[in-house]
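[1] The sequence isn't on hand, but the structure is:
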């Protein structure tokens with residue numbers, strides 16, 4: 001029998017529970033057969049942990065925000081520069097998701113092919129008392145592992161489809177590195193892929209129970225039914241969107257609304273009362289968080305993104321643009337200071353221009369460090385000549401720094417660190433997915449399916465959390481929904497794919513991005529919006545090109561325009 005090398009290395013950036021880090025697996029390096037690997041219960045469990053490791057590394061990809069109008073990378077050699085200047089193509093794509101996702105799919109298929117070999121009889125045979133808990137736990141765990149792997153496979157496929165459109169659906173464990181196994185495989189359509197992803201989710205949801213309370217051994221951070229349903233909801237939202245409809249997807253906005261409603265109807269998740277809590281060290285405990293990746297103690301996010309005034313900040317920051325900052329609304333108040341409404345920020349308004357950071361949507365301060373912000377007990381000066389402004393080496397190019405995800409308690413000089421948790425799905429997204437789908441299917445205030453929530457209700461729940469004035473029926477439209485997603489999900493790797501699926505890349509991403517130039521004169525500041533750089537985006541870029549190496553092996557048609 002053919003032997004394989006099993007190498008399951010220690011995962012230091014795994015998902016953590018209160019009991020243990022279940023991706024902190026033992027380092028197993030052994031020449032064993034597939035039968036020996038999957039028959040061994042402990043090895044099979046580690047094989048599942050290994051599949052989790054192919055999930056996208058959110059913090060390593062913070063610079064994806066710099067491919068959008070929301071941000072600019074300070075480092076001139078950052079991968080975002082290739083996208084923004086339009087010099088990427090089928091021969092050179094800095095986004096390595098194709099290999100990672102297909103490697104994850106292969107590992108998932110290997111497990112699914114061999115799952116019935118897992119042998120737990122030794123646990124039963126060791127029982128010498130009336131307590132059979134270990135045996136029943138192992139039985140359930142083997143069952144749940146199949147549900148986890150089906151979800152992970154669906155996740156990897158969605159990660160591919162949102163980039164490339166139709167990709168090959170593989171039910172066998174083809175080896176990405178072995179050209180002969182790919183030679184004659186067909187490329188499936190976008191619609192076939194969407195249906196396959198949702199089918200995987202539907203099956204996984206029948207395996208992982210909605211209520212995991214009776215299974216106290218099932219570690220926090222593992223796949224839940226909420227995560228499965230959230231992935232299905234996101235997939236169907238994309239499928240109903242203009243880019244995917246034009247590519248042949250047949251699912252409707254009504255389908256997407258129903259899928260989002262199924263998450264809401266679980267009554268498991270709620271909005272965190274404090275928006276900023278979602279991006280701190282303890283965010284994994286929030287009832288808003290649905291699925292996440294927990295990292296061990298690290299300070300790399302802080303080293304990269306602390307304002308340059310702090311010693312050991314390395315200047316590899318991803319900084320908000322003026323385009324992004326301008327999206328946050330201005331709160332209107334009466335003479336008593338009570339909020340009576342909100343309006344778009346406007347540089348032609350003398351009050352806005354004189355004091356541009358006053359009375360803004362609270363999500364601005366939770367996301368962006370701006371001039372005179374107090375950050376880690378230090379007043380940040382981003383004006384020209386300020387402690388964190390140009391012309392200092394590696395200072396922000398935009399006049400802003402990132403606050404979201406960045407833990408101010410870290411001391412870069414002392415080398416302290418903190419836990420970080422990247423959120424893949426959270427409840428606010430479900431509500432805004434629902435709002436968009438319901439609006440496009442039924443309008444702002446209609447609920448013909450009796451879900452108990454209109455599009456307007458859902459978007460206003462998200463706004464009410466941060467005490468933003470509620471929208472009216474007249475104010476709710478596709479543009480206001482897109483606006484809400486931008487300010488709510490900035491720097492969460494949503495903007496790039498939202499603009500793609502709306503088929504608005506040429507309109508939004510081909511425009512220049514702006515910076516703020518601040519001049520201090522005595523105790524006053526003057527502000528000037530300046531163009532930072534031009535950006536390039538062509539219609540064909542809404543879909544990534546299939547790597548030319550795959551085209552050469554398979555003879556697939558390339559995506560249009562490439």
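    Nice, I can see it. Predicted model, so just to flag it, every value in this text is computed and none were measured. Numbers count the residues shown, from 1 in each chain.
[2] so how far is stretch 229-238 from its chain's centroid?
    Here stretch 229-238 is found 13 Å from its chain centre; the criterion is Cα atoms, centre = their mean, to the nearest Å.
[3] Kindly report the same for stretch 517-529.
    36 Å.
[4] do the same with stretch 280-292
    Counting by Cα atoms, centre = their mean, stretch 280-292 comes out at 13 Å from the chain centroid.
[5] in that stretch, what counts as buried?
    Residues of stretch 280-292 classed as buried: 280, 283-284, 286, 288-292 (neighbour count, 16 or more other Cβ atoms under 10 Å). Placement of C-beta: from N, CA and C, glycine included.
[6] Among the residues you listed, find me the one that's closest to residue 38.
    Proximity of the buried residues of stretch 280-292 to residue 38 was ranked by Cβ to Cβ; the top entry is residue 291 with 25.8 Å.
[7] Does the helix or strand where that closest one lies pack against any helices or strands, and if so which?
    For residue 291, the element it lies in under DSSP states H and E is strand 289-298. Judged by 3 or more Cβ pairs under 8 Å, 6 or more residues apart in numbering; DSSP states H and E, the packing partners of strand 289-298 are helix 225-240, strand 418-426, helix 427-442.
[8] Now do that strand, average pLDDT.
    Across strand 289-298, the average pLDDT comes to 94.
[9] again with stretch 380-390
    Here the average pLDDT along stretch 380-390 is 98.
[10] Not counting its own residues, what contacts it?
    Residues from elsewhere that reach stretch 380-390 (Cβ atoms under 8 Å, 6 or more residues apart in numbering): 307-309, 369-374, 378, 391, 395-397, 399-401, 516-520, 525.
[11] circling back to that earlier point, tell me the strands beside the strand holding residue 291, with direction?
    strand 418-426 (antiparallel) (DSSP bridges).
[12] now the partner strand against helix 427-442, angle please.
    20 degrees (axes from the mean of the first three to the mean of the last three Cα atoms, to 10 degrees).
[13] who's in contact with strand 418-426?
    Strand 418-426 is contacted from outside by 16, 55, 57-59, 226-227, 230-231, 234, 269, 278, 281, 283-284, 286, 288-299, 301, 405, 407, 409-410, 492, using Cβ under 8 Å, 6+ apart.
[14] By neighbour count, sort out the buried ones in those.
    Using 16+ other Cβ under 10 Å, the buried members of these are 16, 55, 58-59, 226-227, 230-231, 234, 269, 278, 283-284, 286, 288-296, 298-299, 301, 405, 407, 410, 492.
[15] Pull up the distance across stretch 245-265, start to finish.
    Taking Cα to Cα, to the nearest Å, stretch 245-265 runs 27 Å from one end to the other.
[16] Centre of the chain to that stretch, how far?
    Counting by Cα atoms, centre = their mean, stretch 245-265 comes out at 19 Å from the chain centroid.
[17] What ranges does the stretch 251-400 of the chain have for its helices?
    Secondary structure of the stretch 251-400 of the chain by DSSP state H, counting those that start in this stretch: the helices cover 253-264, 300-305, 322-325, 350-354, 363-367.
[18] Using a markdown table, lay out those helices together with distance to residue 462.
    Converted to a markdown table, the helices of the stretch 251-400 of the chain look like this (distance: least, Cβ to Cβ, whole Å):
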| stretch | distance to residue 462 |
| --- | --- |
| helix 253-264 | 13 |
| helix 300-305 | 25 |
| helix 322-325 | 18 |
| helix 350-354 | 24 |
| helix 363-367 | 10 |
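[19] measure residue 34 to residue 313 for me?
    Separation of residue 34 from residue 313 (Cβ to Cβ, to the nearest Å): 48 Å.
[20] picking up where we left off before, any of the contacts of stretch 380-390 buried? List them.
    Buried by 16+ other Cβ under 10 Å: 307-309, 369-371, 373, 395-397, 399-401, 516-518, 525, out of the contacts of stretch 380-390.
[21] quick one, what contacts residue 64?
    Shown in contact with residue 64 (Cβ under 8 Å, 6+ apart): 80, 493, 496.
[22] Can you report phi and psi for residue 401?
    phi -130, psi 170 (degrees, to the nearest 10).
[23] Run through the residues that contact it.
    Listed by Cβ under 8 Å, 6+ apart, the contact set of residue 401 reads 305-307, 317, 319-320, 368-369, 375, 380, 382, 388.
[24] try 10 Å this time
    Applying Cβ atoms under 10 Å, 6 or more residues apart in numbering, we find residue 401 in contact with 74, 305-309, 313, 317-320, 368-370, 373, 375, 380, 382, 388, 395.
[25] One more: residue 38?
    Residue 38 sits next to 32, 44, 47, 110-111, 113-119 when contact means Cβ under 10 Å, 6+ apart.
[26] And for residue 217, the neighbour number?
    Neighbour count of residue 217, defined by other Cβ atoms under 10 Å: 13.
[27] meant to ask about residue 531, not that
    11.
[28] how close does it get to residue 208?
    Distance of residue 531 to residue 208, given as Cβ to Cβ: 50 Å.
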